[in-house]
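Q: mind folding the following:
(one chain, ligands or ions: 2)
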Amino acid sequence: MLIRKPGHDPLSSEITPEAVWQSRREWMARAATIAAAAGLSSWANRQAFAQAPDALPAKPNGAYSVMDKPTELKDITSYNNYYEFGVDKDQPARYAEKLQTRPWTVSVEGEVVQPKTFDIDTLLKLAPLEERVYRLRCVEGWSMVIPWVGYSLANLLKQVEPTGNAKYVEFTTVVQKDNMPGLRYPVLDWPYVEALRLDEAMHPLTMLVFGLYGKVLPNQNGAPLRLAVPWKYGFKSAKSLVRIRLVEQQPTSSWMQAAPSEYGFYANVNPDVPHPRWSQATERRIGEGGFFTPKRKTLLFNGYADQVASLYQGMDLRANY
Ligand SMILES: Nc1nc2c(c(=O)[nH]1)N[C@H]1C(S)=C(S)[C@@H](COP(=O)(O)O)O[C@H]1N2
Ligand SMILES: [Mo]
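A: Ligands and ions are numbered 1, 2, ... in the order given. Model prediction:
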């Protein structure tokens, strides 16, 4: 597990995996071309890298990956929002070491034909792991590009068979009182709850994530499993999931409850709909230059409009913020 302790410089052992990942990515692209020509599977080649205990080998899914340069591992793992560990960006990396990620189960319940409690190690094998490079846009105005490891949430939802009454999917995240110093502060009404409409949850881009950069998720990034919903603001991508409940009525998320005029149910990335206290037109890409580097223009649906705009046809995106 990669944990950065205060006053501790990153060791070369913490830097290497990313460097390996980057060169491996270039190598894989070339190997894929060669393998395709030779009729071989590049996936087989990749197995050779599956040796470290926390390695999580995954088949690259180029069709679902953006070409943006991935954010450095050290930034992805040291600049976090995980309020259960504190509201400052460096607190999750400092305190999440205490999070207990085994044993771990996720119950899938509510409006389903086959409710079931899954062990984390069963979930890991439920569908083939894919590596997908997604953008993550925080509602606060910064963004990252993260190579996630996981599979479409739809794989899990299909197994439990949603009933005709299931219209929404509610996600509840873990509460570990003794291990999470942020729970002492009433910033949110814990546990952290998020939700999606059923068709959003079933969309192939909606991902159940177990790792990043080819390794198991660092605790501060939501170990042992979290969501990644790349066309929505980052707060929809709930970390450390323990319960998935299919329901008929639209759930109230923790953020909607805390500040209903600021955070809506949909939270689709939209440069034309400002947050009441700041613009959403631009964003700062973490790791990209310094204070004077021009900001990037935020894209409608975070650049995923071709894939997801049809989900919102006929809806007023200003009213449904
Ligand atoms: N349980 C939980 N999940 C959470 C949060 C949180 O505070 N608690 N923060 C959200 C927010 S605001 C963002 S931007 C992303 C950040 O994910 P990252 O730290 O892996 O970049 O996690 C989301 N998931
Ligand atoms: Mo966020």
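Q: which parts of the stretch 1-150 of the chain sit against ligand 1?
A: Asn80, Asn81, Tyr82, Tyr83, Glu84, Leu136, Cys138, Met144 (CB under 6 Å from any ligand atom). No exception for glycine: its C-beta is placed from N, CA and C like everyone else's.
Q: let's see it at 8 Å
A: Residues of the stretch 1-150 of the chain lying close to ligand 1 (CB under 8 Å from any ligand atom) are 76, 79-84, 92, 136, 138-140, 144, 146.
Q: between these, which sits nearest Phe265?
A: Val139 (13.6 Å; CB to CB).
Q: can you pull the contacts of the closest one?
A: Counting by CB atoms under 8 Å, 6 or more residues apart in numbering, Val139 touches Tyr233, Gly234, Phe235, Tyr263, Ala267, His275, Gln280.
Q: and stretch 52-64, average pLDDT?
A: Per-residue pLDDT over stretch 52-64 has a mean of 96.
Q: from the chain's centroid, how far away is it?
A: How far stretch 52-64 lies from its chain's middle: 15 Å, per CA atoms, centre = their mean, to the nearest Å.
Q: that one: end-to-end distance?
A: End-to-end span of stretch 52-64 (CA to CA, to the nearest Å): 26 Å.
Q: next, the buried residues of that stretch.
A: By neighbour count with 16 or more other CB atoms under 10 Å, stretch 52-64 contains the buried residues Leu56, Pro57, Ala58, Pro60, Asn61, Tyr64.
Q: same check on stretch 165-182?
A: Within stretch 165-182, the residues scored as buried using 16+ other CB under 10 Å are Ala166, Tyr168, Val169, Glu170, Phe171, Thr172, Thr173, Val174, Asn179, Met180, Gly182.
Q: just put these in a markdown table and tack on distance to ligand 1, secondary structure and pLDDT.
A: Converted to a markdown table, the buried residues of stretch 165-182 look like this (distance: CB to the nearest ligand atom, whole Å; DSSP: H, G, I helix; E, B strand; the rest coil; pLDDT from 0 to 100):
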| residue | distance to ligand 1 | secondary structure | pLDDT |
| --- | --- | --- | --- |
| Ala166 | 23 | coil | 98 |
| Tyr168 | 18 | strand | 99 |
| Val169 | 16 | strand | 99 |
| Glu170 | 13 | strand | 99 |
| Phe171 | 9 | strand | 99 |
| Thr172 | 9 | strand | 99 |
| Thr173 | 4 | strand | 98 |
| Val174 | 7 | coil | 98 |
| Asn179 | 13 | coil | 98 |
| Met180 | 10 | coil | 98 |
| Gly182 | 8 | helix | 98 |
